[in-house]
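Student: Give me coordinates for this.
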Amino acid sequence: MRAHPIPPVTEPLQFRAIGLVRGTYTPTDPDQVTRGVLTDSNGLELETVVLGRVLTLMRRHLAMDQPHLWVVYPRCRDNEHLHLQIAGVWEPSTLAPDQNDGDDTLPQGDDYFSIRGELIYTKPETGDMVVKVRQLPRPDGKRPLPFKVSIKGELPLEHLRHFVSLDLRRQGQELHLEQHEVIAPMPTRGGKSKGGRGAATSRNRH
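Tutor: Got it, this is the predicted structure:
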């Protein structure tokens with residue numbers, strides 16, 4: 001069993017959008033278990049779907065009336081609401097009790113998100129940003145469309161069209177920037193970088 005639900009990055013320009021949310025999942029319709037809401041400790045409801053591979057795990061091993069630390073993929077259908085896809089659960093004390101010390105917490109804490117992708121919009125004066133994330137081709141060879149994640153935070157305009165790695169924290173329906181790293185200008189089809197300059201690295205903490 002992995003020591004962490006978010007795997008380490010294996011390539012410098014590896015796209016991803018993944019996070020951890022603790023809450024109680026409730027299906028909207030008992031006959032349609034894959035769609036529902038995730039209610040956090042503050043009583044906030046987050047629109048959620050469950051990916052197929054998690055359903056058996058939920059039915060066999062988890063008390064669904066209790067909160068769990070879910071591994072989720074974030075999507076932003078609009079700027080006002082966060083949409084989550086449940087991809088797993090982090091609960092070693094339940095799922096692998098003989099391989100751990102019973103501690104289900106993680107150093108990053110609840111509501112941590114890791115977003116890696118192309119910064120396509122930033123407006124520092126309002127604290128709004130958008131990152132485009134590309135997905136890996138499916139087993140049948142089809143390429144899923146890229147998706148965009150809206151983020152609250154400030155990144156300078158010169159980082160537009162650069163690949164960025166962001167550490168975020170969910171606050172209600174929003175993802176807020178905690179720390180960032182600018183990896184490199186995004187490559188164009190001809191192999192040249194859009195930004196023209198080399199990689200820049202910077203970090204910020206709020």
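
Student: Please enumerate the helices of the protein.
Tutor: Assigned by DSSP state H, the helices in the chain fall at 52-61, 92-95.

Student: what about stretch 80-90, average pLDDT?
Tutor: Mean per-residue pLDDT for stretch 80-90: 92.

Student: what does stretch 144-162 give?
Tutor: Averaging pLDDT along stretch 144-162 yields 95.

Student: Quick one: end-to-end length of it, please.
Tutor: 21 Å (CA to CA, to the nearest Å).

Student: Tell me which residues of that stretch come out buried.
Tutor: Buried residues in stretch 144-162, defined by neighbour count with 16 or more other CB atoms under 10 Å: 147-151, 153-155, 159-160, 162. Placement of C-beta: from N, CA and C, glycine included.

Student: I'd like the distance from it to the chain centre, please.
Tutor: 14 Å (CA atoms, centre = their mean, to the nearest Å).

Student: can you check stretch 47-64 too?
Tutor: When distances are taken as CA atoms, centre = their mean, stretch 47-64 is centred 18 Å away from the chain's centroid.

Student: residue contacts, L62?
Tutor: 68, 89, 91, 94 (CB atoms under 8 Å, 6 or more residues apart in numbering).

Student: In a markdown table, list the helices of the chain along with distance to T105 and mean neighbour count.
Tutor: Output for these, formatted as a markdown table (distance: least, CB to CB, whole Å; neighbours: other CB atoms under 10 Å):
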| stretch | distance to T105 | mean neighbour count |
| --- | --- | --- |
| helix 52-61 | 19 | 12 |
| helix 92-95 | 10 | 15 |
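
Student: Next, format those helices as a markdown table and append distance to A17.
Tutor: A markdown table is the format used below for these (distance: least, CB to CB, whole Å):
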| stretch | distance to A17 |
| --- | --- |
| helix 52-61 | 17 |
| helix 92-95 | 24 |
